[in-house]
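Colleague: Pasting a predicted model and its sequence here:
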Amino acid sequence: MSLVSLVEIQEKQFKKAIIDSLQLIDYNFPPNARNIVIKPNMCYYWDYSTGCTTDPKFVASVIDILREQISSKVNISLVESDASAMKCKYAFKMLGYEDLAQQYNVSLVNLANEQSDKTTTKVGKKTVTLKVPQIIKNADLKINVTKIKYSMEKIKITCALKNIFGCIPYPRKYIYHPFLSEVIVAANKLMKFDLCILDGYIAQGVGTRKMGLVMASTDQVALDAVAAKIAGVNPNSIRYLQLASREGLGKTDFTTKGLPWEYFGAKYPRRGVKEKFMSKAFEIVHKMHLERRLMLD
């Protein structure tokens, strides 16, 4: 079974909680890493207070730890890609990452503008071809700094594996929605990240709530399985999670260290009967909207 740590953040002490979470899984950074990629969640223009995007102060703590434990001279790039309804040049500014980049001397990279290579992989019986940015392919260390979010779409939750879907350097990602589970898994097969750290200080579910959680794991499938449990979703009901496990990306069986996941599950803003009904209605409307966009294209 894969190991996932759960630590509570005290007094906004992100750095200490992150270090504690890494120690619990016995993780040591590779000492020779020089080119490091960090992928926060910057899916839209809503700032960290909504629970939808990664707090830049949380990422700043990760940067501090990297420079202290590896070298002050490591080259760090924060990466994101344009999406159907989000442009990086605005998100970087509005979410506080431009200020972070200047203060910490790190690069902000829009993957949609980077050199990439077309690569093909199979997920189950489906063949998926995606562009893989060279900056990710050539990095010595890749860190996924994700969020936990309940989704009314069929994917049910957004966490570590879905965050890497955002690395696909193609803005009109809605074209992948008819086979979204397979593409999420393909993206993770072609862009394997070494470590996942979850910023769960503020969580977005049916509402937004302070949860004060840091999770860490080298197995993003296991971390997503724990996140699903916290969100009140059965991991076995999440198709992309089961596909990822079958494709050898990780294990849905997990063991935890630190606080029990049930402690944070009690804090998470879970859905009720009303939200389940809304979720089904959303799926129907979303499918109709997607079919219309694809026809127009």
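Modeller: Right, received. Where do you want to start?

Colleague: Wait, D117 touches V132, no?
Modeller: Yes: D117 is in contact with V132 according to CB atoms under 8 Å; the separation is 5.4 Å. Every residue, glycine included, has its C-beta placed from N, CA and C.

Colleague: neighbour-wise, which of these two wins?
Modeller: Taking neighbours as other CB atoms under 10 Å, D117 and V132 compare with V132 leading, 19 against 11.

Colleague: residues making contact with the one helix or strand that one maps to?
Modeller: Using DSSP states H and E, the element containing V132 is strand 126-133. Residues from elsewhere that reach strand 126-133, judged by CB atoms under 8 Å, 6 or more residues apart in numbering: 79, 111, 114-122, 167-170, 179, 182-183, 186-187, 190-191.

Colleague: Tell me which of those residues fall in strands.
Modeller: The strands, defined by DSSP state E, take in V79, S116, D117, K118, T119, T120, T121, K122 from these.

Colleague: I'd like to know which of those are buried.
Modeller: Buried members of the ones in strands among the contacts of strand 126-133, counted by 16 or more other CB atoms under 10 Å: V79, S116, T121.

Colleague: isn't the last one right up against A186?
Modeller: It refers to T121. Yes: here T121 reaches A186: they are 5.3 Å apart, a contact under CB under 8 Å.

Colleague: L24 and V214 touch, don't they?
Modeller: No: if you go by CB under 8 Å, L24 and V214 don't touch, sitting 10.0 Å apart.

Colleague: who's more crowded, these two?
Modeller: V214 (26 against 20).

Colleague: check contacts around that one.
Modeller: Contacts of V214 (CB under 8 Å, 6+ apart): 5-9, 14, 17-18, 20-21, 197-201.

Colleague: now, which of those lie within strands?
Modeller: If you go by DSSP E, these have S5, L6, V7, E8, I197, L198, D199, G200, Y201 in strands.

Colleague: Quick check: bridge partners of the fifth one?
Modeller: So the one you mean is I197. With DSSP bridges applied, I197 shows beta-bridge pairing to V145, A216.

Colleague: how close does it sit to E98?
Modeller: Note on I197: its distance to E98, by CB to CB, to the nearest Å, is 22 Å.
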